[in-house]
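K.L.:
return a 3D structure for these sequence lines:
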Amino acid sequence: LNGPAYAIDVEGNDFYASGLFTKAGGNSSADGMAHWNASAWNAMGSFSGIAFDIEANGSGVYAGGDFDVNPGITDFGIWNGSSWSTLGPGIASDNGILDIEIQGSDIYVAGDFCEVGGNFNIRGIAHWDGSSWNALGTGCFCWGSVGGRAIGIKNSDVYVGGWFSSAGGVPNTANLGRWDGSAWNAVGIPNLIPASSQVLAIEISANDVYVGGWFSGIGGVPNTGYIARWGEPLPPCTPC
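P.N.:
Below is the predicted model:
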């Protein structure tokens, strides 16, 4: 690449990258988004802009970011190997789609948007159920144009991080909330002190939820600046 990559993903022998580059392997048609097929770099249609997240699976390559693809696909698109498409009315954001998580036929996207298809409850986070876009409650209340930044899925729970004043109006959900399938919840006990600033990354391993971002602390727990773990407490030690 002749510039930095912002997002990458791998599926089998196929490697996908997007970023601030205008050539991949000398191929000037691979501008901003490119596919390595184990032998050469290839263009991915008429792509203009940048993808901040790429999720490749057997049904296609899902890209979210700040881009346009002919004809008229903005910020979220699916590459099937020869052309781009979108889902439903598509999603257009102020500053980009920043994270995509896929679980079976369910697709979740987070970004700086405050409506999808005229539904103004779909803000900051959106769910595609296989046939239409849906809100998660009343969504993440945006501060200006800022909303969802990161998604993590644990069983039926969807964790959403970002820069928002609350998730669904629930107390103590600033910047981080948990959707249980029907309602928003604080991550932790009900009076948990929320993240002090943006949550930009979420990763889940077994029963642990790891979050990273610009926050100086979370949950009132000492030494949780910028990175923290929410999980089941360790069992008490048993004397010998």
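K.L.:
and the one residue sitting closest to the centre of the chain, how far from Ala92?
P.N.:
The structure's the chain has its C-alpha centroid closest to Asp99; by CA atoms, centre = their mean the separation is 1.6 Å. Remark: distance between Asp99 and Ala92 (CB to CB, to the nearest Å) = 16 Å. Glycine gets a C-beta too; all of them are placed from N, C-alpha and C.
K.L.:
what of Asp14?
P.N.:
From Asp14 to Ala92 the distance is 28 Å (CB to CB).
K.L.:
the residue nearest to the centre of the chain: what's it in contact with?
P.N.:
By CB atoms under 8 Å, 6 or more residues apart in numbering, Asp99 lies in contact with 52-53, 64, 109-111, 148-151.
K.L.:
give the pairing partners of the helix or strand hosting it; include direction for each.
P.N.:
Element membership of Asp99 [criterion: DSSP states H and E] is strand 97-103. Strand pairing for strand 97-103, determined by DSSP bridges: strand 106-111 (antiparallel).
K.L.:
what bridges to the nearest residue to Lys154 once chain neighbours are set aside?
P.N.:
Excluding its sequence neighbours, the residue lying closest to Lys154 (CB to CB, 6 or more residues apart in numbering) is Ile204, at 4.9 Å. On the basis of DSSP bridges, Ile204 is bridged to Val209.
K.L.:
all further residue positions should be reported with the first residue as 152.
P.N.:
From this message on, residue numbering opens at 152, which makes the last subject Ile355.
K.L.:
which residues does Ile355 contact?
P.N.:
So Ile355 contacts 303-305, 310, 361 (CB under 8 Å, 6+ apart).
K.L.:
by neighbours, which of those residues wins?
P.N.:
Tyr310 (23 neighbours; other CB atoms under 10 Å).
K.L.:
can you tell me how far that one sits from Val350?
P.N.:
9 Å.
K.L.:
what touches both of those two?
P.N.:
Overlap of the contact sets of Tyr310 and Val350 (by CB under 8 Å, 6+ apart) consists of 327, 362.
K.L.:
quick one: name whatever helix or strand follows the helix or strand bottoming out on mean pLDDT in the chain.
P.N.:
Among the helices and strands of the chain, strand 291-293 carries the lowest confidence by mean pLDDT, DSSP states H and E, at a mean of 67. With elements assigned by DSSP H and E, the helix or strand that comes after strand 291-293 is strand 299-305.
K.L.:
mind checking the pLDDT average for that following strand?
P.N.:
Here strand 299-305 scores 94 as its mean pLDDT.
K.L.:
what angle do that strand and strand 257-262 make?
P.N.:
Using axes from the mean of the first three to the mean of the last three CA atoms, to 10 degrees, the direction of strand 299-305 lies 150 degrees away from that of strand 257-262.
K.L.:
and the helix or strand that strand 299-305 is followed by, what does it pack onto?
P.N.:
Note on strand 299-305: by DSSP H and E, the next helix or strand toward the C-terminus is strand 308-313. Counting contacts by 3 or more CB pairs under 8 Å, 6 or more residues apart in numbering; DSSP states H and E, strand 308-313 packs against strand 257-262, strand 276-279, strand 299-305, strand 327-330, strand 350-356, strand 359-364.
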